[in-house]
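Novice: need a structure here:
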Amino acid sequence: MTHKIVGVRFAKVGKIYHFDANGIDDLGVNDHVIVDTSRGSQIGWIVEFVDPSKLHGDGHWKHIERKASSRDLVMRQTWKDKEDAIIEESKLRAKELKLDSIKIVTAEYSFDGKKVTVTFSYEEEGKADLKSLRNDIQKKYIDTQVEFHQIGPRDAAKVLCGLGACGLENRCCSMFLTEFCSISIKMAKDQNVSLTPNEITGMCGRLRCCLLYEHAHYVEAREKLPKRNKHVNTPVGEGKVVEVYPLRNRVRVELPELGEREFDASEVTLITG
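Specialist: Coordinates of the predicted model:
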């Protein structure tokens with residue numbers, strides 16, 4: 001059976017999910033479609049058509065239910081208009097229950113209104129106990145299934161948007177990052193970035209995503225340079241490498257009696273043995 005696979009997005013800067021559109025004609029990029037998700041029936045929009053052979057996985061994709069109509073889009077907006085009220089009620093009740101480490105972030109209704117998912121971040125270690133909060137909100141919305149879903153600080157920052165730590169009007173996560181990659185302190189060390197917390201952490205309190213952007217270039221450039229504390233020959237004598245500048249392809253060498261001098265990588269050779 002031939003599959004017609006489309007990539008569907010549910011948020012402006014959100015992850016792309018793949019669905020089988022086989023049997024549904026006249027679909028194009030930017031068309032809205034109704035699909036079944038773990039959070040219930042949802043409306044998303046097509047952002048790409050994909051060759052199934054280029055996708056990883058078991059080859060089983062959920063089918064698109066149908067193309068969304070104008071009436072469907074009006075219905076979605078109707079439910080969306082109710083989301084702010086649930087957010088405010090959840091915040092107020094969390095405050096009354098003294099759940100000070102809970103930060104309510106979003107609320108999202110399913111397309112049919114049968115389910116609403118409230119996302120929150122938790123500022124402490126371990127799992128948050130939201131039984132009372134969940135039950136209290138559920139009592140106010142007896143015709144809707146209420147679920148609370150914990151998200152990480154990066155995801156919360158993405159939703160809340162705001163000024164980036166570097167001064168950008170909007171944070172990278174809210175402009176173009178659809179997924180978060182693993183960031184390590186080693187990346188900062190490889191790039192000679194100051195390890196002062198406010199220099200390497202973003203507004204989410206985690207290591208900045210931008211530490212990943214140029215890391216591969218630094219690693220590749222460093223492989224061509226002698227490491228720090230290695231002894232090298234230079235045009236003016238033997239010395240010890242005290243600093244490397246990967247992107248400039250240069251090193252700074254401490255030389256007896258001459259002090260520190262900077263050289264191009266082509267001017268120095270590693271002393272072995």
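Novice: what does stretch 118-131 rub up against?
Specialist: Stretch 118-131 is contacted by residues 86-87, 90, 99, 101-108, 137, 146-153, 155-156, 159 when judged by Cβ atoms under 8 Å, 6 or more residues apart in numbering. No exception for glycine: its C-beta is placed from N, CA and C like everyone else's.
Novice: Can you give me the buried ones in stretch 265-273?
Specialist: Within stretch 265-273, the residues that qualify as buried by neighbour count (16 or more other Cβ atoms under 10 Å) are 265, 267-268.
Novice: TSV for these, including distance to V232 and secondary structure?
Specialist: Formatted as TSV, the buried residues of stretch 265-273 follow (distance: Cβ to Cβ, whole Å; DSSP: H, G, I helix; E, B strand; the rest coil):
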residue	distance to V232	secondary structure
A265	10	helix
E267	9	helix
V268	4	coil
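Novice: Make a markdown table out of those and add distance to F49 and pLDDT.
Specialist: Putting the buried residues of stretch 265-273 into a markdown table (distance: Cβ to Cβ, whole Å; pLDDT from 0 to 100) gives the following:
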| residue | distance to F49 | pLDDT |
| --- | --- | --- |
| A265 | 46 | 92 |
| E267 | 53 | 95 |
| V268 | 53 | 94 |
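Novice: among the contacts of stretch 118-131, which ones are buried?
Specialist: By 16+ other Cβ under 10 Å, these give 86, 90, 99, 102-108, 137, 146-148, 151, 153, 155-156 as buried.
Novice: Tell me which entries of the residues you listed lie within strands.
Specialist: 102-108, 146-148 (DSSP state E).
Novice: can you give me the helices for this protein?
Specialist: 70-80, 83-96, 131-140, 153-160, 172-175, 185-190, 197-200, 215-222 (DSSP state H).
Novice: Taking helix 131-140 as reference, get the angle to the second one.
Specialist: Same thing as helix 83-96. 140 degrees (axes from the mean of the first three to the mean of the last three Cα atoms, to 10 degrees).
Novice: Check the first one too.
Specialist: Here helix 70-80 points in a direction 130 degrees away from that of helix 131-140 (the same axes, to 10 degrees).
Novice: Name the residues of helix 70-80 that come out as buried.
Specialist: Buried-residue list, helix 70-80, by 16+ other Cβ under 10 Å: 72, 75-76, 79.
Novice: How many residues are close by E83?
Specialist: Taking other Cβ atoms under 10 Å as the criterion, the count of residues near E83 is 15.
Novice: Ok, R261 next?
Specialist: Neighbours around R261, by other Cβ under 10 Å: 16.
Novice: Next up, the contacts around H18.
Specialist: So H18 contacts 5-8, 50, 55, 61 (Cβ under 8 Å, 6+ apart).
Novice: Grab the two from those residues that are most spread out in space.
Specialist: Pairwise distances across those peak at 13.4 Å for V8 and L55 (criterion: Cβ to Cβ).
Novice: Of those two, give the one with the bigger neighbour count.
Specialist: V8 (24 against 13).
Novice: Could you give the bridge partners of the more buried one?
Specialist: Following DSSP bridges, V8 is listed with bridge partners Y17, I46.
Novice: Can you lay out the contacts of H18 as TSV showing pLDDT and distance to E125?
Specialist: Below are the contacts of H18 laid out as TSV (pLDDT from 0 to 100; distance: Cβ to Cβ, whole Å):
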residue	pLDDT	distance to E125
I5	91	40
V6	94	40
G7	94	36
V8	96	35
V50	90	39
L55	82	36
W61	88	37
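Novice: Buried ones only from those residues, please, as a ChimeraX command.
Specialist: Of the contacts of H18, the buried ones can be selected in ChimeraX as follows, counting by 16+ other Cβ under 10 Å:
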select :5,6,7,8,50,61
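Novice: what separates F10 from T117, distance-wise?
Specialist: 12 Å (Cβ to Cβ, to the nearest Å).
Novice: ditto for A85
Specialist: Distance, A85 to T117, using Cβ to Cβ: 15 Å.
Novice: So for these two, which sits in the more crowded spot?
Specialist: T117 (18 against 12).
Novice: That one against E108, yeah?
Specialist: Yes. In this structure, T117 is within contact of E108 by Cβ atoms under 8 Å, at 5.2 Å.
Novice: Which residues are in contact with each of those two?
Specialist: Once Cβ under 8 Å, 6+ apart is applied, the residues that T117 and E108 both contact turn out to be R39.
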